[in-house]
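# Mind folding the following:
(one chain, ligands or ions: 1)
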Amino acid sequence: MLGLVETELFIGGKWVPASSGDRFDVLDPATGDVIASVANGGEGDAMAAVDAAAAAGKAWAATPPRVRGEALRKAFELMTERAADLAKLISLENGKALVDAKGEVTYAAEFFRWFAEEAVRGEGIVSTAPSGANRILVVRQPVGVCVLVTPWNFPAAMATRKIGPALAAGCTVILKPASDTPLTALAMAAILAEAGVPDGVVNVLPSRSSGKVVSKMLKDPRVRKVSFTGSTEVGRILLAQAADNVINTSMELGGNAPFLVFADADLDAALDGAMIAKMRNGGEACTAANRFYVEAPVAEEFSRRLAERMAGLVVGPGTDEKTQVGPLVNEDTVAKVDGLVKGAVEGGATAVTGGKRPGGPGFYYPPTVLTGVPGDAPILREEIFGPVAPIVTFGTEDEAVRYANDTEFGLVAYVFTRDLARGLRVSEAIEAGMVGLNRGLVSDPAAPFGGVKQSGIGREGGHEGLLEYLESKYIAVNW
Ligand code: NAP
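I've put the predicted structure just below:
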C-alpha cells in the first residue's frame, strides 16, 4: 500500500521533489524502522507553494460556493470509500491502534462533509444604521492565502478541520504537516486533487525544517492567515511571527483536561467516559483527560474499576486488528511519559496498574493508573500525552472547580454528576472552551472546537470554523 502513496511535495497541482533534492525518513513507531522517505521542503519550496496558492487565489475565491462545496463533498466520498487504506496508513506512521485510526478517518472526512454544507452559508448582514442615515451592508470575503500547520496526533483530522473551512470560504492553502506523519497529508492532497480542487488551491509541504519554512512563509505579505494546531510553546512563536505582518491567527494549542467525578455520578457512565476521554488515541490527544478528580466517597471504587479496565486493554502494534493501545509516536514522547510517572511515584503516588516502560523495540507505554498523586506533581500540570490516569480525591464542589481551574490551559473539561443543576453550574465555572457533561467525547465537526487561556484562540468546526477564514467587509451605503 505504501507504494501507492506519493512522497514528493505537492505544489501547484504537481508532485515535485524538494529543490535541494533532500529527503527525510518516516518511521514506524511499532518498530522504529524506516517506512518511507519523503521530500524535505525548504524555504525555496515554501516560496513556490506561496506563489502557487497566491496564483490560484482569485479564481478560487470567485468559484461559486456550491462548486467549492461539491469538491469538498466529493473529497468526503473518496475518503469514505478509501477509509480502510487511509486508516492503515495513519496507523503505520502514527502508531495508533487501527480502531482509533478508523475513527479518525470518519471524523476527518466529516469535516469535508460539514464544510461542503457550510460553503453556501457565508451570509452577510444588511441593516439600517441606528441614526437612520444609511444602510450597513456586511459582506464576507475569503481571508486569502493561509498557512496551515498541523500536529502528528491526528494527521488526517487536523488537516481536514483546517482545509475544509478554508476551501469552503474561498481561501487557498499551504499545509505544513508534522514531520513524523507527512504521508497521510500527502494522501489527502491526492484525494482533494481527484475531487476536482484546482491546481494551487491546496499545496502540501512536508519539511524537517518546519520553523524555517513556516517563518519564511509568514514573512510573505501575500500570506494572510496562519492556522496552527500543536503545542502552546510553538503557538507562542507563531503568534509573535504573525505580529510582524499583522496576519490572522487561529491557535489550537495544548490541553490539560480535568475529569471530575462527583459522588452522585452514574459510575458506569463515568468509567465509560473516562476510558474514551483518556484512551482515545492512546492518550495522545489534546482533549485527553489529564487529571482525574474524584469525590472522596467514590474515589476508591472509581480508581479500582478504572485500573481493572485499563489493565485489560490489549497493547500491541497499531496495525494489528486486536490492538486497543498502540505505541506512542516516538522516543521523546515515551520518555516524557515515563519521566512524569516516575516523578509522581517518587513524590508518593502509587501505580495501581502499569507504571513501568517495557523493554524491547517500539515506543510502548502500558496503560497506567496512579492514585495518591501529590497536588504539586508535574504530571498534574503538564500535558501527559500518553495512557496514564493520575487520580486525586476532592471533598467539595468548590474544591473540585478550584483544582480544575488551577492550570494555564483551558481546552476541555469533563464533568460527571446526576445533578443537572450542578453539572451546568460547574460547566459554567470551569475555565475551558468545551465541557463534556456526562460524556467523554466532545469532538464533533458541527460544534465549535477550541480553547481559552493558553489553549488557544479561535474555533474550528461548526459555523464558527467557517468564519475564521472569512473577513467581514462593511460597506456604508446610501440608497
Ligand atoms: P508541535 O511540536 O507544536 O508541532 C506541531 C506542528 O508545528 C508540527 O507540524 C511541527 O513540525 C510544527 N512546528 C514545530 N516547531 C515549529 C516552529 N518553530 N515553527 C513552525 N512550525 C513548527 O506539537 P506536536 O508535538 O506535533 O503535537 C502535540 C501538541 O498538539 C500537543 O500540545 C497537543 O495538545 C496539541 N494539539 C492541540 C489540538 C487542539 O485542537 N487544541 C489538537 C491536537 C493537538 P515538526 O513535526 O517538523 O516539528
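
# which ones are touching the residue of the chain found nearest the ligand?
As assessed by Cβ to the nearest ligand atom, the ligand sits closest to Gly230 within the chain, at 2.7 Å. Every C-beta, even on glycine, is put in place using the N, C-alpha and C of the backbone. Contact partners of Gly230, counting by Cβ atoms under 8 Å, 6 or more residues apart in numbering, are 149-151, 178, 252-253.

# ok, and of these, which contact the ligand?
149-151, 178, 252-253 (Cβ under 6 Å from any ligand atom).

# What about the contacts of Gly230, which are in strands?
Counted as lying in strands by DSSP state E, out of the contacts of Gly230, are 149, 252.

# For Leu470, see how far away Val139 is.
From Val139 over to Leu470 the distance is 9 Å, taken as Cβ to Cβ, to the nearest Å.

# if you count what's nearby, which of these two comes out ahead?
Legend: neighbour count by other Cβ atoms under 10 Å for Val139 and Leu470, higher for Leu470 (19 against 15).

# Up against the ligand, what does the stretch 251-400 of the chain have?
Within reach of the ligand by Cβ under 6 Å from any ligand atom, the stretch 251-400 of the chain has these residues: 252-255, 286, 383.

# again, 5 Å this time
With Cβ under 5 Å from any ligand atom as the criterion, the stretch 251-400 of the chain meets the ligand at residues 252, 254, 286.

# Local confidence estimate at the last one?
Predicted confidence (pLDDT) for Cys286: 97.

# next one: the second one
pLDDT for Gly254: 96.

# just checking, it touches Ser455?
Yes: using Cβ atoms under 8 Å, Gly254 is in contact with Ser455, at 6.4 Å.

# residue contacts, the residue nearest the centre of the chain?
Central residue check for the chain by Cα atoms, centre = their mean: the C-alpha nearest the mean position is that of Met158, 4.7 Å away. Each residue near Met158 by Cβ under 8 Å, 6+ apart is listed here: 150-151, 229, 252.

# want to throw these into a markdown table with neighbour count?
Formatted as a markdown table, the contacts of Met158 follow (neighbours: other Cβ atoms under 10 Å):
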| residue | neighbour count |
| --- | --- |
| Thr150 | 27 |
| Pro151 | 20 |
| Thr229 | 25 |
| Glu252 | 27 |
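
# give me the element the closest residue to Phe154 other than its chain neighbours is part of.
Spatial nearest neighbour of Phe154, excluding adjacent residues (Cβ to Cβ, 6 or more residues apart in numbering): Glu104 at 5.7 Å. Assigned by DSSP states H and E, Glu104 falls within helix 98-118.

# is the ligand contacted by that helix?
No: Helix 98-118 is not in contact with the ligand by Cβ under 5 Å from any ligand atom; minimum separation 11.4 Å.

# Counting by contacts, list what that helix packs against.
Helix 98-118 sits against helix 65-81, helix 83-94, helix 157-169, helix 462-467, with contacts defined as 3 or more Cβ pairs under 8 Å, 6 or more residues apart in numbering; DSSP states H and E.

# Can you tell me which of the ones you listed is most buried?
Highest mean neighbour count among these (mean count of other Cβ atoms under 10 Å): helix 157-169, with a mean of 29.

# So what angle separates the directions of that one and helix 98-118?
Relative orientation of helix 157-169 versus helix 98-118 (axes from the mean of the first three to the mean of the last three Cα atoms, to 10 degrees): 10 degrees.

# Quick one: mean pLDDT over helix 157-169.
For helix 157-169, the mean pLDDT works out to 98.

# So Gly255, which state does it fall into?
Classification of Gly255 using DSSP: H, G, I helix; E, B strand; the rest coil returns coil.

# ok, and the closest non-adjacent residue to it?
Leu411 (3.4 Å).

# What is the neighbour count of the one you found?
By other Cβ under 10 Å, neighbour count at Leu411 equals 28.

# again with Ser250
22.

# Three-state assignment for the residue nearest to Tyr403 when sequence neighbours are not counted, please.
Counting by Cβ to Cβ, 6+ apart, the nearest residue to Tyr403 once its immediate chain neighbours are dropped is Tyr293, at 5.2 Å. Using three-state DSSP, the structure places Tyr293 in strand.

# show me the contacts for Tyr293.
Tyr293 makes contact with 258-261, 391-394, 400, 403-404, according to Cβ under 8 Å, 6+ apart.

# Repeat that for Ala404.
Neighbouring residues of Ala404 by Cβ under 8 Å, 6+ apart: 258, 260, 293, 413, 430-431.

# related to what we said a few turns ago, would you check which pair of the ones next to the ligand among the contacts of Gly230 lies furthest apart?
Greatest spacing in these, by Cβ to Cβ: Ala178 and Leu253 (14.6 Å).

# Just the helices from the stretch 301-450 of the chain, written as ranges.
Under the criterion DSSP state H, counting those that start in this stretch, the stretch 301-450 of the chain contains helices at 331-346, 397-405, 420-429.

# May I see those helices organised as TSV, with mean pLDDT added?
Output for those, formatted as TSV (pLDDT from 0 to 100):
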stretch	mean pLDDT
helix 331-346	97
helix 397-405	98
helix 420-429	98
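
# In CSV, list the ones you listed along with distance to Ile475.
Output for the helices of the stretch 301-450 of the chain, formatted as CSV (distance: least, Cβ to Cβ, whole Å):
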stretch, distance to Ile475
helix 331-346, 50
helix 397-405, 43
helix 420-429, 38
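
# What about the residue nearest to Leu271 when sequence neighbours are not counted, how many residues nearby?
Once flanking residues are discounted, Leu271 sits nearest to Arg305: 5.6 Å by Cβ to Cβ, 6+ apart. Arg305: 17 surrounding residues under other Cβ under 10 Å.

# try Leu4
Residues near Leu4, counting by other Cβ under 10 Å, number 9.

# got it, and Arg381?
Counted with other Cβ under 10 Å, the neighbours of Arg381 add up to 15.

# For Pro142, name its beta-bridge partners.
Assessed by DSSP bridges, Pro142 has beta-bridge partners Leu470.

# surely it meets Ala62?
No: Pro142 is beyond contact range of Ala62, at 9.9 Å (criterion: Cβ under 8 Å).

# what do those two both touch?
Contacts common to Pro142 and Ala62, judged by Cβ under 8 Å, 6+ apart, are Gly170.

# Would you reformat the helices and strands packed on helix 98-118 as CSV and include distance to Gly44?
Shown next, in CSV, are the helices and strands packed on helix 98-118 (distance: least, Cβ to Cβ, whole Å):
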stretch, distance to Gly44
helix 65-81, 29
helix 83-94, 26
helix 157-169, 23
helix 462-467, 32
